[in-house]
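**Student:** what shape does this take:
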Amino acid sequence: MPHTEEEPGERSWDDPAFEQRHAVLARGYGHRPDPEDPALVQAMPIVLHIPKVDPPARSALLEVAAIATVELCFDPRVGPGPDGEPGPWQQRFLAWNDARIRKVARRARGAHWRAAQEVDGVTVDRAGAQARAFVPGPVGELDPRISRLQIGGTDLPHDDPPPPPPGLPVLWIQRDLEMTLGKAAAQVGHASMLYAGALTAEAARDWAAAGFPCAVRDADAETWRELLALVDAGKAVAVRDAGFTEVAPGSVTVVAVGPAA
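**Tutor:** Presented below is the predicted three-dimensional model:
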């Protein structure tokens, strides 16, 4: 059954298995090599809702993509249930998280967006920007309601949002890389996961209870140098891309910085 969304902060994250789900993110990813068969490579699809008329701002859409990703990672169905038995999404989630946490972002509108809600996943809607993260699986077994959606072809211009509200983690994108919207959505999704894994379980639970709020902003060259210094000092987390698409291998695409930094 598709997931019915709640307003930010409505869901209770007090279940006893929360710490186990956090531990999966805290231990990192990439613990096993990719399968030799490309069709068996694991990926998490993300679909961005981009209506033809009055689409949301790029930064707002990236924020909901990041939130949807991390919310799915903490969804009770990706971990053990109260009886200790695996949740319905746990096996697929762990198979993906133990590999390279690949994500592929697509776009949808109208009937295709509505059909995507029927596929297992989590939709986040904030201020009119909507994105859905789906339960990962082999790329060769992607649900046709998702596989028919376009990966490229539509982008949104860089916007100029106000300074991030105080108290929120900020996912800073390296502007000079000029990533497409879909690539950037995958990268901020990585960043929200890495940021959550770097938190203590208690801090992650507090962030979850607030609805995983975050801000996404472009970093100019000077800001980027300052961010990399924070990474070197252990005060921020960086996403280093594997280089399969758009950017060179090892490129730092996003830096996630918590409020304290």
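**Student:** burial of Gln130, as a residue count?
**Tutor:** 24 (other Cβ atoms under 10 Å). Every C-beta, even on glycine, is put in place using the N, C-alpha and C of the backbone.
**Student:** do the same with Glu178
**Tutor:** 11.
**Student:** what's the pLDDT at the residue nearest the centre of the chain?
**Tutor:** Central residue of the chain (Cα atoms, centre = their mean): Gly189, 2.3 Å from the mean position. pLDDT recorded at Gly189 is 97.
**Student:** any idea which helix or strand carries it?
**Tutor:** helix 181-198 (DSSP states H and E).
**Student:** that helix: what's the following helix or strand?
**Tutor:** Following helix 181-198 in sequence, per DSSP H and E, is helix 201-209.
**Student:** and that following helix, which residues are buried?
**Tutor:** Buried residues in helix 201-209, defined by neighbour count with 16 or more other Cβ atoms under 10 Å: 201, 204-205, 207-208.
**Student:** what of stretch 44-60?
**Tutor:** For stretch 44-60, a neighbour-count test (16+ other Cβ under 10 Å) marks 44-50, 55-60 as buried.
**Student:** same check on stretch 76-87?
**Tutor:** Quick answer for stretch 76-87 (16+ other Cβ under 10 Å): 76-79, 87.
**Student:** give me the subset of the residues you listed that lies in strands.
**Tutor:** Judged by DSSP state E, these include no members of strands.
**Student:** thinking Gly87 is in contact with Gly81, fair?
**Tutor:** Yes: using Cβ atoms under 8 Å, Gly87 makes contact with Gly81 at a distance of 5.4 Å.
**Student:** list the contacts of the residue nearest to the centre of the chain.
**Tutor:** 44, 46, 65-66, 68-70, 103, 133 (Cβ atoms under 8 Å, 6 or more residues apart in numbering).
**Student:** most neighbours among those residues, please name it.
**Tutor:** The residue in those with the most neighbours, by other Cβ under 10 Å, is Ala66 (32 neighbours).
**Student:** what's near enough to touch that residue?
**Tutor:** By Cβ under 8 Å, 6+ apart, Ala66 lies in contact with 171, 188-189, 191-192, 212, 214, 216.
**Student:** so which of those residues comes closest to Pro35?
**Tutor:** Gly189 (22.0 Å; Cβ to Cβ).
**Student:** return the distance of the closest one relative to Asp241.
**Tutor:** The gap separating Gly189 from Asp241 is 12 Å, by Cβ to Cβ, to the nearest Å.
**Student:** neighbour-wise, give me the winner out of the contacts of Ala66.
**Tutor:** Neighbour-wise, the contacts of Ala66 (other Cβ under 10 Å) top out at Val188, 33 neighbours.
**Student:** just the strands in this protein please.
**Tutor:** 42-49, 102-108, 121-126, 129-134, 137-138, 170-174, 215-219, 237-240, 252-257.
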